[in-house]
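> One predicted model, sequence on top.
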Amino acid sequence: MDTLVLNTWNELRKELKGFISLRVRDPEDVKDILQEVYIKFQTGIVRIRDPRKITSWLYQITRNTIHDYYRKQKGGEELTDVEVEEHEQAHFRDKISQCLSIFIDRLPALYREALQMVELQQMSQLDFARKLNISY
């Protein structure tokens, strides 16, 4: 089982890091969470009887560890699933904004401003049209 454990971890480590990175802002916290997941993986793998379930079990450990991270951020209070999802979505929006900004910066000024204001800064299209004094 040791070879299976090591191979499974090596195959999924980058994938899990990406999974965590989409949900947690601070890269150092991502590393800490990944390390914590690895420790839980090492200590709990002996209870897994069906090797085909290791991946789903590992993702469940990761989700629970991220949930624990957000609960600690809130001072130990239990977070609702909605609150955890809101944190994750906000972080995901930030990541997407960073990726898109490279392409947006290459657009002509008017299009660039429209995308930045409406999509990235979440100004309504109606407010943006009013700001530029153009039709909605």
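Nice, thanks for sending it over. Numbers count the residues shown, from 1 in each chain.
> For the one helix or strand residue 110 maps to, give the mean pLDDT please.
Taking DSSP states H and E as the definition, residue 110 sits inside helix 109-115. Averaging pLDDT along helix 109-115 yields 85.
> list the contacts for residue 95?
21-22 (Cβ atoms under 8 Å, 6 or more residues apart in numbering). C-beta here means a position set from N, CA and C on the backbone, and glycine is covered the same way.
> Does it belong to a helix, a strand or coil?
helix (DSSP: H, G, I helix; E, B strand; the rest coil).
> what does residue 53 give?
helix.
> Just the pLDDT at it, thanks.
Per-residue pLDDT puts residue 53 at 80.
> any idea how far it lies from residue 60?
As judged by Cβ to Cβ, to the nearest Å, residue 53 and residue 60 stand 10 Å apart.
> now swap in residue 10 and tell me
Residue 10 is 20 Å from residue 60, by Cβ to Cβ.
> where are the low-confidence patches of this structure?
Within the chain, the stretches with pLDDT under 70 are 1-2, 4-5, 76-81, 83-84, 87, 90-92, 94, 97.
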